Structure formats: structure tokens, C-alpha cells
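Q: give me coordinates for this.
(chains A and B)
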Amino acid sequence: MNAVSREAPERQEIEALLPWHAAGTLSRRDRERVERAIASDSELARRLTLVREELQETIHLNESLGVPSSRAMEKLFAAIEAEGAPAPARRSFDLVGRVSEFLSGFAPRTIAYAAAAATVALFLQSAMLTAALMKDRSDTPTTELAAAHPTSNVHAVIRFSPQATSAEIITFLNAHGAEVVIGPGRNGLFDMRFTGDPSAAEIVRNVQRMQSETKVVEFIATKG
Amino acid sequence: MQATSDEELIGRIASGDRLAMQVLFARHHVRVFRFVLRLVRDESVAEDLISEVFLDVWRQAGRFEGRSAVPTWLLAIARFKALTALRRKPDEELDEEAAAAIEDQSDDPEVSLAKKDKSVVLRKCLEGLSAEHREIIDLVYYHEKSVEEVAGIVGIPENTVKTRMFYARKRLAELLKAAGIERGWP
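A: Model (predicted):
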């Protein structure tokens, strides 16, 4: 630390950013700052190499920790089943408060106009809330949809890569004409089926194609 | 189905969509588990904690305001749960853990053998760091969190994040030196 503390503050500041530079999580501005400094400072470049070693071994160490057993998942979904639907969203749209705040900034003679505006705004708020509630009712069939598929139509089991984003998973399922029937079950596996009425050979081919997409798929196998 | 972001999944979970919950769990539970496991060092406890983390998500999805990314939010909840669990740990277990960490620093036969492999020693020294230092190293290197995100998860100012990371790396260098690897830094 003593040697480091004698270094120029700018260099110390750059050095402090090296871990984030190596991880690729710096803003563009900071990234360019670090890159400029490294280009003209071989000792800083050497220290970045040390940071990269640490990063690589930290990833290796974490990846070697394995995955949780199905117990965690079973416990979670049992608790969810027991608990029922979550508490409704409490994101209130405090229009009355906002209108009051808005009105306080006006001279008294304009209050009458503002009050009229507030009345209209409150009416609009009611309309918006009603529309939102109606939308909520129409937007909730997903669970029923998932439960409606008979499990006898399950063609394969799949476990998604932890790194896959939801968008990637959904795009992947759509691209292969597949849908999740139920899950996750033991070891994070989801039951999956293909749309239409594929033959056994088609199912095997589909599964093989999906298997090659390792970015999204961690494990997949035909069922039956 | 439409392409859905993490934030949209949370919106669906808030309306009671179990499938959305399953997808979110499938995508994030391994990383959350590893983060918690590195803190509590007990697989059984870590598994219990990730159930609690996602149960909190189920309960609180309606209050998620998107101020941070969903994975960052999950890690913040997980951290709180892990620290609470650690506080419940009997003192004697903590002492044993501290003793184990001290033993890690010594140049025992296993470490001597491992000197031949710098990577092995580096990993062993990473395991020998304190919980605070392990946490920040994992968040930055493995979970790829920015300075701002780490500050949000750990609940400390951004400058403290940088300082803590520096001291974690400095401690790592000391452990490496004790294990026979001199890196010429700091």
C-alpha cells in the first residue's frame, strides 16, 4: 500500500478501476480513460494482467460450486402454493398529491381554474384505474394455460442455462415450436412439448437441434 | 408468448403468474445460490436461503420499481438473508471458520504441493478471504456488477466499493505471498 500510496492520484484512481475494466462493467468514458492509461504505462498493463488472473480464478471457483439440489425449488413452490397469489401491486398513482403540490405554486386567483383541472384529473385517474383493473383480469390466463396441457403430451425435459436471459429462452422456445408444460421439477427440469403432432422421429430431431444451442440449453432429453 | 424481459417477468409474478416465477427461478437461482454459498459456506443453509429469496420476490414483486436490474435486486435480497443467517450462527462455529481461514494461510503440505499450480493456489487464497472481501470480489468478477450496482447491493458509497475492492485484492496478494507467490503488487 505504501508504494501505491506514493503514486500519483490519477494512477491510483485508474488502478482502482482495473477490476471493473477486466470485468467489462465500466462506463464507456471510464473504459476509454483506463485504456489510454494502460497504453502509456506498462506497469499498469502488468497489473491488469494480475487482475485478469484473479477474475479468471474467481469465475472458476464460483462455477465449481455446482448447483443447488431440487430441494430449494420444491420448498419454494410448496410455499408459493400454500401462500396463494402475491399481494397486489401498491404502486399508487398519487395524482391528488401531485395536483395539490401543483396548485400550491399558483396565485389565489388561479386556484379556481386549477381546482377544475384537478377535478378533471381525478376523473381521468378513476378511468385509468378501471382500465388497469380490467387489463389485469384479461392478462392473467398464463397459469391456467400452463396447467391446461395434459402431462401425457410431454415430449422432452429441459433445463435452461443459468446464463440464458428470459428473452433468449422465449425466443428459443418459439423458434423450435416448443412450449413449457410444467416445471421446474427435480434438478430444475421443465416438461416441454412441441406444438402440432410430431412423430417420434421428429421429436428426436427437434431435441437434437435444441441440444446444439448450448447458450440456452444446459440439458435436454426426450421423455417417454 | 412474447419476448419478456426480467422486469416484465416480475410484472407477471406480481399478478400471480407462477410460470413467470418458474422462468425467473430457472434463470437466476444458480447464481444466487453460489453468491449465498460463498457467504454462508453451507450448502444446506444456502438452499434454504435461495427459497426464501425467491419467496420474497413472489411476495414483493408488486413493489419492484425497477431502480436496479432484477439480478441486482435478487443479490441484494440474498445478501440480506445471508447476513441474517450468519448472525444466527453460534459463536463457536464462527470461531471454527476463522480458524479455518487462518489455517488456509499457512504453508501446509497441500499448499506447498499446490505451488506448482498458480491457479490452484490463487483459488485457495480466494477461499481464504474474509466474507466481506469474498463478497466484493465475487460481485465484481463473477457477478459482473458495476461500481454503482455493488454499492446498491452492499449498501455502501461508490468510493467505499472501490476502496474495499482494493483492500480485498491487497489481502489476496498477502495470502499469495504467504503461499509463496510474489506478484510484485501492491
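Q: next one: phi and psi at A:Leu189?
A: phi -90, psi 140 (degrees, to the nearest 10).
Q: wait, A:Leu173 sits on A:Val180?
A: Yes. Using Cβ atoms under 8 Å, A:Leu173 makes contact with A:Val180 at a distance of 7.0 Å. Where you see a C-beta, it was placed from the backbone N, CA and C, and this is true even at glycine.
Q: and for those two, which residues touch both?
A: A:Met192 (Cβ atoms under 8 Å, 6 or more residues apart in numbering or on different chains).
Q: gap between B:Asp117 and chain A?
A: According to Cβ to the nearest Cβ, to the nearest Å, B:Asp117 stands 11 Å off from chain A.
Q: so how many other residues sit close to that residue?
A: Number of residues near B:Asp117 (other Cβ atoms under 10 Å in any protein chain shown) recorded here: 11.
Q: do A:Arg47 as well
A: Neighbours of A:Arg47 using other Cβ under 10 Å come to 21.
Q: check which helix or strand B:Arg67 maps to.
A: Using DSSP states H and E, B:Arg67 sits in no helix or strand.
Q: quick one: it and chain A, what's the gap?
A: B:Arg67 is 13 Å from chain A, by Cβ to the nearest Cβ.
Q: and that residue, backbone torsions?
A: According to degrees, to the nearest 10, B:Arg67 has phi -70, psi -30.
Q: just list the residues touching it, thanks.
A: Neighbours of B:Arg67 in contact, by Cβ under 8 Å, 6+ apart: none.
Q: quick one, strands of chain A?
A: For chain A, applying DSSP state E gives strands covering A:156-160, A:178-182, A:190-194, A:217-222.
Q: and the ones you listed: which comes nearest chain B?
A: Closest approach to chain B among the strands of chain A (Cβ to the nearest Cβ): strand A:156-160, 5.1 Å.
Q: does that closest one reach chain B?
A: Yes. If you take Cβ under 8 Å from any Cβ of the partner chain as the test, strand A:156-160 does meet chain B, through A:Arg159, A:Phe160.
Q: can you name every helix or strand that that strand contacts?
A: With contacts defined as 3 or more Cβ pairs under 8 Å, 6 or more residues apart in numbering or on different chains; DSSP states H and E, the secondary structure elements packing on strand A:156-160 are strand A:190-194, helix A:200-211, strand A:217-222, helix B:18-40.
Q: repeat that with 6 Å
A: strand A:190-194, strand A:217-222 (3 or more Cβ pairs under 6 Å, 6 or more residues apart in numbering or on different chains; DSSP states H and E).
Q: tell me how far B:Gly152 lies from A:Lys75.
A: 28 Å (Cβ to Cβ, to the nearest Å).
Q: between those two, tell me which one has more neighbours.
A: B:Gly152 (20 against 17).
Q: quick one, helices of chain B?
A: Per DSSP state H, chain B carries helices over the ranges B:6-14, B:18-40, B:43-60, B:70-88, B:91-105, B:109-114, B:118-127, B:131-137, B:147-154, B:158-178.
Q: for the third one, buried residues please.
A: With burial defined by 16 or more other Cβ atoms under 10 Å in any protein chain shown, the residues of helix B:43-60 counted as buried are B:43, B:45-60.
Q: hmm, back to that, winner for burial among the helices of chain B?
A: helix B:18-40 (a mean of 23; mean count of other Cβ atoms under 10 Å in any protein chain shown).
Q: tilt between that helix and strand A:178-182?
A: 70 degrees (axes from the mean of the first three to the mean of the last three Cα atoms, to 10 degrees).
Q: just how off-centre is helix B:18-40 within its chain?
A: Distance of helix B:18-40 from its chain centroid, counting by Cα atoms, centre = their mean, to the nearest Å, is 12 Å.
Q: residues contacting the residue most central in space within chain B?
A: Central residue of chain B (Cα atoms, centre = their mean): B:Phe35, 3.2 Å from the mean position. With contact set as Cβ atoms under 6 Å, 6 or more residues apart in numbering or on different chains, B:Phe35 has these partners: B:Leu75, B:Ala78.
Q: could you do the one 4 residues further on as well?
A: Residues near B:Leu39 by Cβ under 6 Å, 6+ apart: B:Ala82, B:Ala131.
Q: and if you look at A:Phe190?
A: Taking Cβ under 6 Å, 6+ apart as the test, what A:Phe190 contacts is A:Ile158, A:Val180, A:Gly183, A:Pro184.
Q: repeat the analysis, applying 7 Å as the threshold.
A: A:Val157, A:Ile158, A:Val180, A:Gly183, A:Pro184 (Cβ atoms under 7 Å, 6 or more residues apart in numbering or on different chains).
Q: beta partners for it?
A: A:Phe190 forms beta bridges with A:Ile158, as assigned by DSSP bridges.
Q: tell me the pLDDT of it.
A: Each residue has a pLDDT score; the one for A:Phe190 is 80.
Q: now do A:Asn174
A: Reading off the model, A:Asn174 has pLDDT 81.
Q: all set, thanks.
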